[in-house]
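*Asks:* quick one, structure for this:
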Amino acid sequence: MTNLTRKSTTAGRTSRDDRAKSPQGAATLTWWRTKPAEAFDGSTAEQLRRLLSTIAILEVANWRAAADGDSAAAVGLALRLDPQRVTLNGLDLVMTALAACAAEGDPAACLTMAHCMRRFFPSSKREARLATSWLVRTFAIAMKRAKIPMGGTR
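*Replies:* Take a look at the predicted model:
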């Protein structure tokens with residue numbers, strides 16, 4: 001992940017600098033660490049993907065696939081991030097791609113969201129609550145797929 005580290009100069013280059021640097025674009029990239037899982041749905045995923053489609057991360061394998069909705073690519077990028085070396089901008093980009101996949105109901109993406117929240121913000125109560133919201137969503141997806149009613153047995 002050389003281009004997402006603090007030593008890199010190419011991590012945040014965009015194909016449309018004006019849109020990525022806009023206050024709305026910058027704020028959208030922080031949703032993953034400021035909003036609970038319940039705030040994410042299919043329309044949110046679409047909005048995140050529109051923003052990500054304007055951003056290119058040079059020399060990062062699988063970035064385009066992750067940004068376009070490949071959940072396995074997004075999970076892989078997120079799990080390879082080094083908390084000691086990643087920039088906040090790089091973290092926001094990768095986690096936004098992951099959040100878009102999670103918003104569409106991918107359980108692996110939801111579980112990775114929870115894991116990464118705790119990994120990157122280990123002492124933050126707010127992020128711990130957000131991480132828990134992603135865990136709850138993961139279990140809700142699993143229960144729905146198994147056709148187990150919430151709060152009960154089959």
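*Asks:* show the average pLDDT along stretch 63-78.
*Replies:* Throughout stretch 63-78, pLDDT has a mean value of 97.
*Asks:* wait, stretch 134-146
*Replies:* Mean pLDDT, taken over the full extent of stretch 134-146, equals 88.
*Asks:* buried ones in that stretch?
*Replies:* Of the residues in stretch 134-146, those with enough neighbours to count as buried (16 or more other CB atoms under 10 Å) are 134-135, 137-138, 141. Every C-beta, even on glycine, is put in place using the N, C-alpha and C of the backbone.
*Asks:* stretch 67-78 now?
*Replies:* For stretch 67-78, the buried set under the neighbour-count rule, 16+ other CB under 10 Å, comprises 67, 69-71, 73-78.
*Asks:* tally of neighbours for Trp63?
*Replies:* Neighbouring residues of Trp63 were enumerated by other CB atoms under 10 Å; the total is 23.
*Asks:* may I have stretch 42-53 as PDB, with CA atoms only?
*Replies:* Extracted C-alpha coordinates of stretch 42-53, given in PDB (Å, rounded to 0.1, in the frame of the first residue of the first chain):
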ATOM      1  CA  GLY A  42     -28.400   1.400  -1.300                       C
ATOM      2  CA  SER A  43     -28.800   5.100  -2.200                       C
ATOM      3  CA  THR A  44     -25.900   6.000   0.100                       C
ATOM      4  CA  ALA A  45     -23.800   3.400  -1.600                       C
ATOM      5  CA  GLU A  46     -24.600   4.900  -5.000                       C
ATOM      6  CA  GLN A  47     -23.700   8.400  -3.700                       C
ATOM      7  CA  LEU A  48     -20.400   7.100  -2.300                       C
ATOM      8  CA  ARG A  49     -19.600   5.300  -5.600                       C
ATOM      9  CA  ARG A  50     -20.300   8.500  -7.600                       C
ATOM     10  CA  LEU A  51     -17.700  10.300  -5.500                       C
ATOM     11  CA  LEU A  52     -15.200   7.500  -5.700                       C
ATOM     12  CA  SER A  53     -15.500   7.300  -9.500                       C
END
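*Asks:* kind regards, and thank you for your time.
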